[in-house]
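Asks: give me a 3D structure for the following:
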Amino acid sequence: MRAPPPIRCRLSLLWAVLLTVVTVAAQSPGPQPLPMPAPMPAPVDRPYPGVIHLSVDATDIAHRIFRVRESIPVVDGRPLILLFPQWLPGNHRPSGRVDFLAGLTIRADGKRVEWTRDTVEVYGFHVTPPAGARTLEVEFDFNTPLDSGQGRVQVTPEMLNLQWNQVVLYPAGYFTRQIQVDAELKVPPGWQLATALDRGSAPGETTTFKTVPLETLVDSPVFAGRYAKTFELNAAGDVPVRLNVIADRPELIAPSPEQLALHKALMGEAHTLFGSRHYDRYDFVFALTSQMGGIGLEHHRSSEDTSVPGYFTDWSQWANERYVLAHELTHSWNGKFRRPADLWTPNFNVPMRGSLLWVYEGQTQYWGNVLTARSGLWTKQHALDRLAMTAATYQESRPGRSWKSLQDTTTDPVTAQRRTLSWVSQQRSEDYYQEGELIWLDADTLIRERSNGRKSLDDFARAFFGIDNGSWVPVTYRFDDVVKALNDVLPYDWAAFLRTRLDAHDTNGLLDGITRGGYKLVFNDTLYDAFRELEGSGAQMAFSLGGTISSAGRVTAVIWNGPMFKADIVRGQQIAAVNGAPFTVQRLKTAVVDNEKGDHPIVLQMKDGDRERTVTLDYRGGLRYPHLERVPSMPARLDDILKSRG
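Replies: All right, here's what the predicted structure looks like:
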C-alpha cells in the first residue's frame, strides 16, 4: 500500500482546498470572463523554409483594385497563421487597413482550404493545410479608397502608389527579415514604375524583382504612372541616387537645370552632415498630383512623397513644399538606420512604442529644415520665417501644454491616429515634430555657445548616425544612448536638459535656441512669403483673432481661449458678414486693423447650419505675423547653422 504523504505535503493540499473555497465564495453573482484564446506565436529569428512568391496585378485602375496571388510554402504540413501587416514602420501606429482586404481564398493542391480569423488578433488568419500539402495558393483583393472619405486615394487614371504591406499575407512566428519573397507587379500598358527594388526582368507590363526579405520588400514601395521621368542625382559619385518624378500631366515634369542642381546639393549636404550612407542606391519616388492622396514616408533606400502639381513649374509659389524631400531623406539615417529600440519590431504585427519620437521625428524635422536651407532649396530668410512660425505656434498657441507634456504627445499616433481633432491647440497633436525641432535647435546653439563655436550638433549627427558606413542593418538606441552621444560631443547634464523640456508644462526656455542663435521672436503686420504661402487665399489669424478662416469664410481652426473661442465660435461655422458687409478675407483683415484703437469693434454675422447669430470681437492687437529679428549683441549662430557646408 502507498505510504501517506508527509505532513508538509498534506498541509499544502489543505491550503489549496481552502484557497479554492475562499475564491469561489468571493465571486460575485453573474457571468465570469471566458479565457482568452492562445496568443499569436512570438516571432523567432530563424529562416522561414522556402520562398514566398507574390504576384500583384495593378491594372484595374477603373475599380482601383490590386489583385493579389501568393504561393506560400507550408512547413511539414503544420497549421499556420497568416498575418496582414498592422503596425507599419514610419506610421508609428497600427494603421494597416485589413478592412480593405476582400475575397480571401486559400487552396492547396487545387482544393479549397478554409481559414478562420483570429477573434482577438483580427489581422491573423488560421489555416490548417491538408495532409501532404506543400504550398498554399492564396488569392485576395485589396480595394483601395475610391475617395478621400475612405482613406488616402492611391489610384488615379494617371498613377498609382503600391505599398507592399497592403498586398501580402505572411506566416506568423518569424522575423520578417527571415522571410524571403520574390515579387512581381503588373501595371497598365505604357506605364513606368519607380522603386528602390532591384529588378529581375526588363521593363514591361509585368516587372519581376529580385528575391528580398519581406522587411526589405515592405520598405520599398512603388509609384507607377502614365507620365514619368527619372533624373540622376549622383552627388555621392559611386552610389546611384535618382529623382523619380511621376505627374498628373507630362508638362509638369519640367525641372530646370538650376532646380536639379539644388536637389543634387541636398544629397551633398546630407552626406557632408552624416559622413556616411546606409544604402547601395537611393530613389526619391516623387509624385506631383492633385488627384492622388498626399504622403511623405521614409524608407531605408527611398522615400515615398507627393507634392503639388506645380512643384517645378510654379517654383516660386511653393517654397514650403521643398522641405519634404530633405525630411524623408534624413530618415535614412535617423529612423531607418538608427532607430529607437521600442520602435523596432521583429515583424509588422508586434506593437510599436514611440517614447523617442522626439528624436526620430523631432531631430529629423530639425535636420530636414536645416538641409533644405543649406542646399539652397530655401533661402536663409525663408528658413528663418518657417522657424518663426513654429516658435510662435508653441509659444502662443499650445495651451494644451498645461496638462499634456511633449513626452506624452509621442502616444498621439496610437491614440489619435491623425484623425481631425476638435481643439488641436488644447488636445495637442504629434507636437514632437515641431516642438521637438525647437529642442534640437536649443541643444545645437548650447553646444556652440559652450564650446566657443568649436563643436555643434553636426558633430553629434556624424557620431551618432554616421557609424557603420554602408551597412543597412538597423542599430537601435535608448534615451541613455542619446545622452551619452551628446556628452561625447560636449560634457553637460543632457539628461536633465532633455527631461526638463520633454516633461514641462510651461513655455520657460522654449525659445532659448532662437535667443542663443542671435534672434528674437517678434510680431508685426508684415506678411512674408513663407506665411503668405501657408495662408493661401484664406486668413491665418491664429496670432490675432485666434483662428484660421478659409477664403469662403469657413472657420477651419480655433485656438483654445483665444478671442474667437471666447465668442463661442467653433470649427466648421461660417462667417457670413463682417461689419454688415458680405465676408471677404480682405474685409476681415481691414476690420482687425480698424479696431486697433478699440473704436471699431469687429462685428461678425455667423452661420451654423440654419442658425444665425451676431458676435462682437473686441480684439485690439492688429494683424500679427511672426518673424525672427536679429539681435546684434548676440553671435549669429543661427545664420551659421543654416549656411551651406558644400
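
Asks: neighbours of Gly509, how many?
Replies: 15 (other Cβ atoms under 10 Å). Heads up, the C-betas are built off the backbone N, CA and C, glycines and all.

Asks: kindly report the same for Gly518.
Replies: Count around Gly518 with other Cβ under 10 Å applied: 19.

Asks: so it makes contact with Asp640?
Replies: No. Using Cβ atoms under 8 Å, Gly518 is not in contact with Asp640; the gap is 9.1 Å.

Asks: give me the element Thr208 is part of.
Replies: Thr208 is located in strand 206-208, with elements delineated by DSSP states H and E.

Asks: which other helices and strands contact that strand?
Replies: strand 180-186 (3 or more Cβ pairs under 8 Å, 6 or more residues apart in numbering; DSSP states H and E).

Asks: just want the phi and psi numbers for Leu288.
Replies: phi -110, psi 110 (degrees, to the nearest 10).

Asks: could you list the buried residues of the strand holding Thr208?
Replies: Thr207, Thr208 (16 or more other Cβ atoms under 10 Å).

Asks: so what are the sheet partners of it and their directions?
Replies: With DSSP bridges as the test, strand 206-208 is paired with strand 180-186 (antiparallel).

Asks: show me this structure divided up by domain.
Replies: Under the assignment automatic domain parsing, the domains of the chain span 51-258+290-313, 338-520+632-641, 544-623.

Asks: redo these as JSON lines? Include mean pLDDT and distance to Leu266.
Replies: Formatted as JSON lines, the domains of the chain follow (pLDDT from 0 to 100; distance: least, Cβ to Cβ, whole Å):
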{"stretch": "domain 51-258+290-313", "mean pLDDT": "95", "distance to Leu266": "8"}
{"stretch": "domain 338-520+632-641", "mean pLDDT": "97", "distance to Leu266": "4"}
{"stretch": "domain 544-623", "mean pLDDT": "96", "distance to Leu266": "31"}
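
Asks: so which strand or helix has the spatially closest residue to Val482 that is not a sequence neighbour?
Replies: Distances taken as Cβ to Cβ, 6 or more residues apart in numbering place Val359 nearest to Val482, at 6.0 Å, with adjacent residues excluded. According to DSSP H and E, Val359 maps onto helix 357-360.

Asks: what does that helix contact?
Replies: 92, 334-335, 339-340, 343, 354, 406-407, 410, 413, 430, 432, 436, 439, 477, 482, 502 (Cβ atoms under 8 Å, 6 or more residues apart in numbering).

Asks: try 7 Å this time
Replies: His92, Asn334, Gly335, Pro340, Leu343, Leu406, Thr410, Tyr432, Gly436, Ile439, Val482, Leu502 (Cβ atoms under 7 Å, 6 or more residues apart in numbering).

Asks: any idea what the second one is bridged to?
Replies: When you say that, I think you mean Asn334. Bridge pairing for Asn334 - DSSP bridges - gives Arg338.

Asks: quick one: contacts for it?
Replies: Tyr360, Gln363, Thr364, Phe465.

Asks: ok, 8 Å please
Replies: Val359, Tyr360, Gln363, Thr364, Trp367, Phe465.

Asks: ok, which stretches of the stretch 401-550 of the chain are strands?
Replies: Using DSSP state E, counting those that start in this stretch, the strands found in the stretch 401-550 of the chain span residues 475-477, 519-524, 539-541, 547-549.

Asks: reformat those as CSV; add distance to Ala270 and mean neighbour count.
Replies: As requested, those are arranged in CSV below (distance: least, Cβ to Cβ, whole Å; neighbours: other Cβ atoms under 10 Å):
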stretch, distance to Ala270, mean neighbour count
strand 475-477, 18, 16
strand 519-524, 25, 17
strand 539-541, 31, 23
strand 547-549, 33, 23
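
Asks: which among those strands is found nearest to Ser425?
Replies: strand 547-549 (9.9 Å; Cβ to Cβ).

Asks: which neighbouring elements make contact with the closest one?
Replies: Secondary elements touching strand 547-549 (3+ Cβ pairs under 8 Å, 6+ apart): strand 539-541, strand 555-558.

Asks: for the next helix or strand after the longest one, enumerate the helices and strands it packs against.
Replies: Read it as strand 555-558. Counting by DSSP H and E, the next helix or strand C-terminal to strand 555-558 is helix 563-566. Under the contact definition 3+ Cβ pairs under 8 Å, 6+ apart, helix 563-566 sits against strand 555-558.

Asks: paired strands for the strand it packs on, with orientation please.
Replies: strand 547-549 (antiparallel).

Asks: any idea how far the strand it pairs with is from the chain center?
Replies: 25 Å (Cα atoms, centre = their mean, to the nearest Å).

Asks: same check, this time on stretch 451-465
Replies: Distance, centroid of stretch 451-465 to centroid of chain: 26 Å (Cα atoms, centre = their mean).

Asks: and that stretch, how far apart are its ends?
Replies: 21 Å (Cα to Cα, to the nearest Å).

Asks: contacting residues around that stretch?
Replies: 273-276, 333-334, 337-338, 366-367, 440, 443-444, 447-448, 477, 482, 485-486, 488-490, 635, 637, 640-641, 645.

Asks: ok, residues contacting stretch 144-164?
Replies: Under Cβ under 8 Å, 6+ apart, the answer for stretch 144-164 is 54, 56, 58, 61, 64-66, 97, 100, 166, 183, 185, 187, 217-218, 220-227, 246-249, 287, 289, 291-295, 304.

Asks: contacting residues around the closest residue to Arg339 other than its chain neighbours?
Replies: With sequence-adjacent residues excluded and distances taken as Cβ to Cβ, 6+ apart, Arg339 is closest to Pro474, at 4.9 Å. Pro474 makes contact with Lys336, Phe337, Arg338, Arg339, Trp344, according to Cβ under 8 Å, 6+ apart.

Asks: buried subset of those residues as a ChimeraX selection?
Replies: Buried members of those, defined by 16+ other Cβ under 10 Å, are picked up in ChimeraX with:
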select :336,337,338,339
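
Asks: out of the contacts of Pro474, the closest to Ser551 would be?
Replies: Distances from Ser551 to those, taken by Cβ to Cβ, are shortest for Lys336, at 39.4 Å.

Asks: can you tell me the SS state at that closest one?
Replies: Three-state call for Lys336 (DSSP: H, G, I helix; E, B strand; the rest coil): coil.

Asks: could you count how many residues lie near the residue nearest to it when sequence neighbours are not counted?
Replies: Nearest non-adjacent residue to Lys336, counting by Cβ to Cβ, 6+ apart: His300, 4.3 Å away. His300 has 22 neighbouring residues, counting by other Cβ under 10 Å.

Asks: so what's His300 up against?
Replies: His300 neighbours (Cβ under 8 Å, 6+ apart): Thr216, Asp219, His278, Tyr279, Ser332, Lys336, Phe337, Trp472.

Asks: so it lies in a helix, does it not?
Replies: No. Using three-state DSSP, the secondary structure at His300 is coil, not a helix.

Asks: and it, how far is that from Gly90?
Replies: 10 Å (Cβ to Cβ, to the nearest Å).

Asks: other residues contacting stretch 521-531?
Replies: 319-320, 381-382, 385-386, 388-389, 391-392, 395, 511, 514, 535, 540, 543, 593, 622-629.

Asks: I figured Arg67 hits Val56, correct?
Replies: Yes. When contacts are counted by Cβ under 8 Å, Arg67 is listed as touching Val56 (7.2 Å).

Asks: return the set of buried residues in stretch 116-130.
Replies: Result for stretch 116-130 [16+ other Cβ under 10 Å]: buried residues Asp118, Glu121, Tyr123, Gly124, Phe125, Val127, Pro129.

Asks: same list, these, but as JSON lines with distance to Val138 and secondary structure please.
Replies: Below are these laid out as JSON lines (distance: Cβ to Cβ, whole Å; DSSP: H, G, I helix; E, B strand; the rest coil):
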{"residue": "Asp118", "distance to Val138": "17", "secondary structure": "coil"}
{"residue": "Glu121", "distance to Val138": "18", "secondary structure": "coil"}
{"residue": "Tyr123", "distance to Val138": "15", "secondary structure": "coil"}
{"residue": "Gly124", "distance to Val138": "14", "secondary structure": "strand"}
{"residue": "Phe125", "distance to Val138": "9", "secondary structure": "strand"}
{"residue": "Val127", "distance to Val138": "9", "secondary structure": "strand"}
{"residue": "Pro129", "distance to Val138": "12", "secondary structure": "coil"}
